[in-house]
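A.B. asks: Dropping a prediction and its sequence here:
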Amino acid sequence: MSTLGTVRGLALACHPLPTAAVTVFALLLALGAGGAVEVVVVVAAVLAGQLVIGWDNDLRDAARDRAAGRTDKPLARGALRPRIVRAARGLALLLVVVLSLWSGGWLGLALHVGLVVGSGLAYNAGVKATIWSWLPYAVAFGTLPAFVWLSVGRGAAPWWVVTVGALLGVGAHLLNVLPDLEDDARDGIRGLPHRIGSRGSRALAPLLLVTGTALLALAPPGGTPLWSWVAVGVAVLLAVPAATARGKVPFQAAIGIALLNVIVLTLRT
């Protein structure tokens with residue numbers, strides 16, 4: 001395989017949309033706080049962590065993806081060698097440890113590698129097949145803002161920042177799993193979205209996401225500016241396709257609300 005083909009395969013195997021979304025999430029949280037070097041290092045740490053999680057997921061699911069005929073998965077269709085992905089995952093793991101320690105010291109290492117990346121790996125390892133499938137998302141997305149704030153010198157993140165992150169994480173989990181509910185059920189995966197079903201997931205996820213937007217409007221000290229209520233209205237509009245559309249559209253709408261919340265969070269802190 002050519003070098004370009006290998007790079008393209010690794011990019012597709014890392015779950016590029018969630019990886020990019022979480023990295024942008026971290027970037028927006030970091031901007032305007034620390035210096036340029038601090039921002040670059042913390043964002044690089046988050047990117048490396050998401051690469052670890054994405055590549056680990058595709059390695060674990062390769063046989064199942066192959067059986068399901070997933071042509072969008074390079075490992076499943078034989079376009080990428082597992083040993084190459086394992087090597088990339090190992091390098092990314094080394095980078096995430098070094099960069100997290102550089103960014104936030106030992107506490108940053110514990111928050112990011114222990115709770116954010118650790119939650120993602122726990123999900124891949126089997127938590128996704130249980131009723132607790134939502135918990136790694138809540139922990140990871142709730143902890144990520146705390147890691148970023150610590151790394152750029154903002155100290156401890158307020159409770160409402162952590163809560164909004166957790167709500168975003170659980171909402172994204174519910175919507176991300178929707179297109180694969182039937183395939184997952186055949187393979188014995190029974191996470192929270194599978195147990196409450198498509199209709200329940202479509203109802204609960206937008207509710208959680210819009211609750212996060214409303215919390216950003218109401219919780220920060222100093223009153224609620226008019227534009228915060230405009231953001232709530234936009235979130236409600238995005239919640240409509242999140243609750244009613246098919247395929248990947250619900251997850252993309254959730255990412256839209258997530259980015260909206262990060263923008264509001266940046267302006268409110």
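C.D. replies: Thanks, I have it. Numbers count the residues shown, from 1 in each chain.

A.B. asks: and the residue lying closest to A245 once chain neighbours are set aside, what does it touch?
C.D. replies: Leaving aside its chain neighbours, A245 sits nearest to A253 (6.9 Å; criterion: C-beta to C-beta, 6 or more residues apart in numbering). In short, each C-beta sits where N, CA and C put it, glycine included. A253 sits next to 175, 238-239, 241-242, 245 when contact means C-beta atoms under 8 Å, 6 or more residues apart in numbering.

A.B. asks: mind redoing it with 6 Å?
C.D. replies: The contact partners of A253, by C-beta atoms under 6 Å, 6 or more residues apart in numbering, come to 238, 241-242.

A.B. asks: now these as JSON lines including distance to T211 and pLDDT?
C.D. replies: Formatted as JSON lines, these follow (distance: C-beta to C-beta, whole Å; pLDDT from 0 to 100):
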{"residue": "L238", "distance to T211": "14", "pLDDT": "90"}
{"residue": "P241", "distance to T211": "18", "pLDDT": "87"}
{"residue": "A242", "distance to T211": "13", "pLDDT": "82"}
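
A.B. asks: among these, who's most crowded?
C.D. replies: Per-residue neighbour counts (other C-beta atoms under 10 Å) across the contacts of A253 peak at A242, which has 29 neighbours.

A.B. asks: Provide the backbone phi and psi angles at that residue.
C.D. replies: With angles defined as degrees, to the nearest 10, A242 sits at phi -60, psi -30.

A.B. asks: Which residues are in contact with it?
C.D. replies: When contacts are counted by C-beta under 6 Å, 6+ apart, A242 touches 206, 250, 253-254.

A.B. asks: quick one: K128 and G191 touch, right?
C.D. replies: Yes - here K128 lies in contact with G191, judged by C-beta atoms under 6 Å, at a distance of 5.2 Å.

A.B. asks: Which one's more surrounded, those two?
C.D. replies: Higher neighbour count among K128 and G191: K128, with 25 against 21, using other C-beta under 10 Å.

A.B. asks: so how far is D58 from the more buried one?
C.D. replies: 14 Å (C-beta to C-beta, to the nearest Å).

A.B. asks: Test for you: state the pLDDT assigned to G32.
C.D. replies: We have a pLDDT of 69 for G32.

A.B. asks: for L4, same thing?
C.D. replies: pLDDT recorded at L4 is 84.

A.B. asks: what do you get for R86?
C.D. replies: R86 is given a pLDDT of 96.

A.B. asks: G54 now?
C.D. replies: The model reports G54 with a pLDDT of 96.

A.B. asks: distance between the ends of stretch 183-192?
C.D. replies: One end of stretch 183-192 to the other measures 15 Å (C-alpha to C-alpha, to the nearest Å).

A.B. asks: how about the strands in the chain?
C.D. replies: According to DSSP state E, the chain carries no segments that qualify as strands.

A.B. asks: Could you list the domains of it?
C.D. replies: Structural domains of the chain, as assigned by automatic domain parsing, span the residue ranges 1-156, 158-269.

A.B. asks: Can you point out the buried residues in stretch 254-268?
C.D. replies: Neighbour-count burial for stretch 254-268 flags 254-262, 264-265, 268 (criterion: 16 or more other C-beta atoms under 10 Å).

A.B. asks: can you tell me which of the domains of the chain the model trusts least?
C.D. replies: Mean pLDDT is lowest for domain 158-269 among those, at a mean of 86.

A.B. asks: now do the same end-to-end measure for that one.
C.D. replies: Taking C-alpha to C-alpha as the criterion, the two ends of domain 158-269 lie 10 Å apart.

A.B. asks: Many thanks, we can stop here.
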